[in-house]
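Enquirer: Sequence plus the predicted model coming up.
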Amino acid sequence: MNNKKLSNLNAGLLLFLVMVVFTLIINMGGLQRNTQLSWISYLIIIGGIILIVIKYGKDMDNNVTFGNLFAYGFKTIAVTTILFIAFSLLFYMIFPEYKAQLLEISRENAMQKATPDNREQLEKGIEMFQRFFWVAVIGGILISFAILGAIGSLIGAAIAKKEPNQGMGDSN
């Protein structure tokens, strides 16, 4: 019964490493234009949190509540989020060509949807995006990871077996 429990920090680090590997494969493989791959990153986050929450419940011998499980999952995604923001900032600073590619892909996608009437507005929007690139990256990661982490935590907490206070006899 003295099994090693996975802490929030280690679980968050593990999920972060999976996301880093996936991100590096996408960027180094030149797959940024494939928007369907972003769905895979969402599934990695949600699925990872679900598995981590279920494992935590088992590590605790199912002596947990829905709230305990949800909190564990959300703390884990908080760790992952902080680490992934730091990674993204470093990545785009070290490899500015990937930042330029991302901006170019954004421009192309916007122009494909543009009509002759709104091209000027789109150009201003793209210029604004370039000026606030770091805010967009940090904000995008914060919001998306929080939402995906909450979804994963909710599902994981709902699926995990819960038997709070099992084995606790009356002490009277």
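Expert: Yep, that arrived. Here the structure is a predicted model, which is why all the values come from computation and not from measurement.

Enquirer: was I right about Tyr72 contacting Ser7?
Expert: No - taking contacts as C-beta atoms under 8 Å, Tyr72 lies outside contact range of Ser7: 9.5 Å. All C-beta spots, glycine's among them, are computed from the backbone N, C-alpha and C.

Enquirer: who has more neighbours, these two?
Expert: Each of Tyr72 and Ser7 has its neighbours counted (other C-beta atoms under 10 Å); Tyr72 has more, 26 against 14.

Enquirer: Torsion angles phi and psi at that one?
Expert: Torsion angles at Tyr72 (phi, psi; degrees, to the nearest 10) stand at phi -60, psi -50.

Enquirer: Please tell me how far it sits from Ile85.
Expert: 21 Å (C-beta to C-beta, to the nearest Å).

Enquirer: Please tell me the pLDDT value assigned to Gly169.
Expert: You'll see Gly169 listed with a pLDDT of 45.

Enquirer: go on, Lys162?
Expert: Listed pLDDT for Lys162 reads 79.

Enquirer: do you know how far it is from Arg33?
Expert: Computed as C-beta to C-beta, the Lys162 to Arg33 distance reads 44 Å.

Enquirer: For this structure, which segments count as helices?
Expert: 8-28, 37-59, 66-94, 96-113, 119-131, 133-159 (DSSP state H).

Enquirer: Now the shortest one: average pLDDT?
Expert: Helix 119-131 shows a mean pLDDT of 77.

Enquirer: Would you indicate which residues of it are buried?
Expert: 126, 129 (16 or more other C-beta atoms under 10 Å).

Enquirer: for that helix, packing partners?
Expert: With contacts taken as 3 or more C-beta pairs under 8 Å, 6 or more residues apart in numbering; DSSP states H and E, helix 119-131 sits against helix 96-113.

Enquirer: same thing but 10 Å
Expert: In this structure, helix 119-131 makes packing contacts with helix 96-113, helix 133-159, judged by 3 or more C-beta pairs under 10 Å, 6 or more residues apart in numbering; DSSP states H and E.

Enquirer: go on, the second one?
Expert: Contacts defined by 3+ C-beta pairs under 10 Å, 6+ apart place helix 37-59 against helix 8-28, helix 66-94, helix 133-159.

Enquirer: closest one to Lys113 among these?
Expert: helix 133-159 (18.2 Å; C-beta to C-beta).
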